[in-house]
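[1] return a 3D structure for these sequence lines:
(chains A and B)
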Amino acid sequence: MLFFEAIRLALQQIRVQKLKSFFTLVGVTIGVMFLIAVVSIVEGMSRYVEQDFAGKFLGINTFNLRRFPDIQTGEVTEAEWKAWTRRPPVTIQDAQAVRDVLPSDTRWAVQDVQWMVPASHFISGGSQLIAQAVTAEYFAIKDLAVSKGRVFTEQEDALGAAVVVIGQETAQHYFPNLDPIGRELRFRSVPFRVIGVLDKQGSVGPMNLDRQAIAPFHSPMGRLTRGRTGNLYGVMVQAPSVGALAEVQQTVREVMRRRRKLAPGQQDNFAFETAESALASWQTIKKFLVLAGVVLPAIGLIVGAIVIMNIMLVAVAERTREIGIRKSLGARRRDVLWQFLVEAATLSVIGACFGIGLGIALSQLVAAVTPLPASVAPWSIVVGVIIGAGVGIIAGIYPASRAARLDPIVALRAE
Amino acid sequence: MTADTTNLPPLSTTAERQAVVQSTGAIPSKEWVIVTRGLTRDYDMGGEVVHALRGVDVAIRRNEYVAIMGPSGSGKSTLMNLVGCLDTPSNGEYWLNGEMVSKMKDDELARVRNREIGFVFQTFNLLPRATALHNVELPLVYAGVGSGERRRRASEALARVQLADRMDHRPNELSGGQRQRVAIARALVNRPAILLADEPTGNLDSGTSEEIMRVFEDLADSGQTVIMVTHEQDIAAHAKRVIVLRDGRVSSDDRREAFAAKVAL
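    Numbers count the residues shown, from 1 in each chain, chains lettered A, B, ... in the order given. Coordinates of the predicted model:
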């Protein structure tokens, strides 16, 4: 009962002194706003990186066998880089050896990549696209589906059929207002027949996955992407489950070490790229972001707490007479303490609520004007409110206990 | 007036009061609302001890209407603070409504103030931003009374001081006399053992003072114990008994008639 009375009193106080209350709230509002915004952006980026990026770029439960990691994790020293360039390339023979030892429920694909600018009968030129030469299971590993036509089959790959599956933007660019299926697209003058258009893919970092072309590994595309060196971009292996991933990786490592004739003490001269390793750098970034997400709001909240404490001290001084009156009418110390604590907490929670609103707005704004996605975590709203109340209570303790300890006779005499 | 008072117990006599005051340690019988025995209060004013009260023996029977007078420095404010349970004595006993109050802790004193004492102050001491009704409700809030009951009792108390039509007014929308009547309603709302008024007319003109004095007289006639601290003789003359303090001691304790006669000399 006294609780609602105290809240009612607090709201009345806020209503009477709107401007002062506003300034009181600013600190907490800013603190909670940053908390919500940073958490939302980090959350959004996490979802983006961990799901989209890892999924689209690498595939689920998949690792890539490479000469060295394509997605560098953290800092690479010059010495490391030099060592990497001295490594032997991953060859088609390596890929075949790997395939031979894989369990039957494991998917396998050879992948080669090159930036190219193709041409159609209608359009030549335009921005570069990602041209890939892959074996047929690539589509299954990456969970790629077509919105038009079909993907190529193992037989087509084996026969080296000059067919190509293209991205949405590539289709629109080279075949404006036309059905691209069955039409010709030339890569370095070699004609390929378009048999499928991929679903909308979006972008992963700088790479626009709607601007790509995928052809069979044994088609002329293989020669175009590989050039004269004969080394592969990578071999993709998809384990049937997360649990099997490490085991499959170990099998492949053993094969590769045998082929490379590495002594037990020597390091691998090839690399495995997993979603986990690709995400390692993101984890580092995320740590900084989360730190910022803690430090920025903390500064706001500390400032907010100091302001609230100040305002409450002023309020206690201004309302000494009122405290005296209340005490003369039978208010106990804890009644007075409670009144001022609830008032501080109410102020602060209102500030936090504004902060939550602004934080959500800010994260939406960031999502709208930057490529960063944002998703508001429900727990951050709850935390915002709790932090608001907590800041108010902590900031209110000292002023409230001062009020509670006032001598009623002295307080009644105050002006 | 004589007709009204016949229903009430008679004023205590000097002999009766002395009997109660001198039996140190004994719980006074229920009819004695206030009994102080050798009450002292010393203040430490920067190393120098000031004896504000030097042993006050006062006994007030239920339904009495008593004025406490004295020049400034006589200790009447100190006595008023002690009687009002806003302060505790340095020494001596204070019994309020059968309870020993002089040794109580802060929160117990708050409870006693809430239940047993209705304050009326010179400066009214209403909360400026609260309505008359809410001001009157305050003691009930601290007594833990539910909001419906609170509202009912507060409006009853306001009706008793003829302010039923001013319940939603704030203090600054009321005249001085009306404000003091709100304060009286607030003092009465918890049905206290004593109504304790400190210079209740000090901020009012003489016409309004008379109005407030009539309210006090009506209350006293209806059986409310009233204790009024004042330095004005014509205000004190409204009470039925006048206690005069001098230098921290009771210098005289007379019926109104005897006091009036002394003053006339």
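
[2] contacts, neighbours, all on C-alpha from now
    Fine.

[3] tell me how far the stretch of helix or strand A:Ala367 belongs to lies from the chain's centre.
    Per DSSP states H and E: A:Ala367 is located in helix A:333-369. Mean C-alpha position of helix A:333-369 versus that of the full chain (Cα atoms, centre = their mean, to the nearest Å) differs by 27 Å.

[4] tell me the mean pLDDT for that helix?
    Average pLDDT, helix A:333-369: 90.

[5] hmm, that helix touching chain B?
    Yes: under the criterion of Cα under 8 Å from any Cα of the partner chain, chain B is reached by helix A:333-369 at A:333, A:335.

[6] give me the buried positions along that helix.
    By neighbour count on 16 or more other Cα atoms under 10 Å in any protein chain shown, the buried set for helix A:333-369 is A:333, A:335-360, A:362-364, A:366-367.

[7] same question for stretch B:158-166.
    Within stretch B:158-166, the residues scored as buried using 16+ other Cα under 10 Å are B:158-161, B:163-164, B:166.

[8] closest one of those to chain A?
    Top of the list for closeness to chain A, among those and by Cα to the nearest Cα, is B:Leu158 at 16.8 Å.

[9] alpha carbons of the host helix or strand of the closest one, as CSV, please.
    If you go by DSSP H and E, B:Leu158 is part of helix B:147-160. Taking Å, rounded to 0.1, in the frame of the first residue of the first chain, the C-alpha atoms of helix B:147-160 are listed here in CSV:
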residue,chain,number,x,y,z
SER,B,147,-7.4,3.9,0.8
GLY,B,148,-11.2,3.6,0.9
GLU,B,149,-11.4,3.8,4.6
ARG,B,150,-8.9,6.6,4.6
ARG,B,151,-10.9,8.7,2.3
ARG,B,152,-14.1,8.1,4.3
ARG,B,153,-12.6,9.0,7.6
ALA,B,154,-10.7,12.0,6.2
SER,B,155,-13.8,13.5,4.6
GLU,B,156,-15.7,12.9,7.9
ALA,B,157,-13.0,14.8,9.8
LEU,B,158,-13.2,17.6,7.3
ALA,B,159,-16.9,17.8,7.6
ARG,B,160,-16.5,18.1,11.3
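
[10] what about whichever residue of the stretch 101-250 of chain B sits closest to chain A, how many neighbours?
    Across the stretch 101-250 of chain B, the shortest distance to chain A (Cα to the nearest Cα) belongs to B:Asn114, at 4.0 Å. B:Asn114 has 29 neighbours, counted by other Cα atoms under 10 Å in any protein chain shown.

[11] and it, that's in a helix?
    Yes: with DSSP: H, G, I helix; E, B strand; the rest coil as the criterion, B:Asn114 is part of a helix.

[12] show me what contacts it?
    A:328-331, B:139, B:142-143, B:190 (Cα atoms under 8 Å, 6 or more residues apart in numbering or on different chains).

[13] what's the closest of those to A:Leu313?
    Taking Cα to Cα as the measure, A:Leu313 sits nearest to A:Ala331 out of the contacts of B:Asn114, at 19.4 Å.

[14] need the residues of the stretch 251-400 of chain A near chain B, please.
    Going by Cα under 8 Å from any Cα, the residues of the stretch 251-400 of chain A near chain B are A:322, A:325-333, A:335.

[15] might you calculate how far the helix or strand harbouring A:Gln283 sits from the centre of the chain?
    For A:Gln283, the host element (DSSP H and E) is helix A:275-318. Put simply, helix A:275-318 sits 20 Å off its chain's centre (Cα atoms, centre = their mean).

[16] compute the inter-axis angle for the helix or strand just after it and helix A:333-369.
    Counting by DSSP H and E, the next helix or strand C-terminal to helix A:275-318 is helix A:320-328. If you take axes from the mean of the first three to the mean of the last three Cα atoms, to 10 degrees, helix A:320-328 sits at 130 degrees to helix A:333-369.

[17] can you list the weak-confidence ranges in chain A?
    A:1-2, A:50-57, A:71-75, A:204-206, A:227-230, A:276-279, A:281 (pLDDT under 70).

[18] in the chain, mark out all the strands, start to finish.
    You didn't pick a chain, so chain A it is. Along chain A, counting by DSSP state E, strands occupy A:62-66, A:107-116, A:119-120, A:129-134, A:146-149, A:163-166, A:184-187, A:190-198, A:203-204, A:207-208, A:212-216, A:234-238, A:271-274.

[19] oops, I was thinking of chain B
    B:32-45, B:48-61, B:65-69, B:91-96, B:99-100, B:117-120, B:194-198, B:225-229, B:241-246, B:249-255.

[20] please produce JSON lines containing the ones you listed, extended by distance to A:Leu185.
    Compiled in JSON lines, the strands of chain B are given as follows (distance: least, Cα to Cα, whole Å):
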{"stretch": "strand B:32-45", "distance to A:Leu185": "103"}
{"stretch": "strand B:48-61", "distance to A:Leu185": "107"}
{"stretch": "strand B:65-69", "distance to A:Leu185": "112"}
{"stretch": "strand B:91-96", "distance to A:Leu185": "106"}
{"stretch": "strand B:99-100", "distance to A:Leu185": "105"}
{"stretch": "strand B:117-120", "distance to A:Leu185": "98"}
{"stretch": "strand B:194-198", "distance to A:Leu185": "103"}
{"stretch": "strand B:225-229", "distance to A:Leu185": "108"}
{"stretch": "strand B:241-246", "distance to A:Leu185": "116"}
{"stretch": "strand B:249-255", "distance to A:Leu185": "117"}
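
[21] reformat the ones you listed as a markdown table; add distance to chain A, mean pLDDT and mean neighbour count.
    Formatted as a markdown table, the strands of chain B follow (distance: least, Cα to the nearest Cα, whole Å; pLDDT from 0 to 100; neighbours: other Cα atoms under 10 Å in any protein chain shown):
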| stretch | distance to chain A | mean pLDDT | mean neighbour count |
| --- | --- | --- | --- |
| strand B:32-45 | 14 | 93 | 20 |
| strand B:48-61 | 15 | 93 | 19 |
| strand B:65-69 | 19 | 95 | 26 |
| strand B:91-96 | 16 | 94 | 22 |
| strand B:99-100 | 17 | 92 | 16 |
| strand B:117-120 | 8 | 96 | 27 |
| strand B:194-198 | 11 | 95 | 25 |
| strand B:225-229 | 16 | 96 | 25 |
| strand B:241-246 | 20 | 94 | 22 |
| strand B:249-255 | 21 | 92 | 17 |
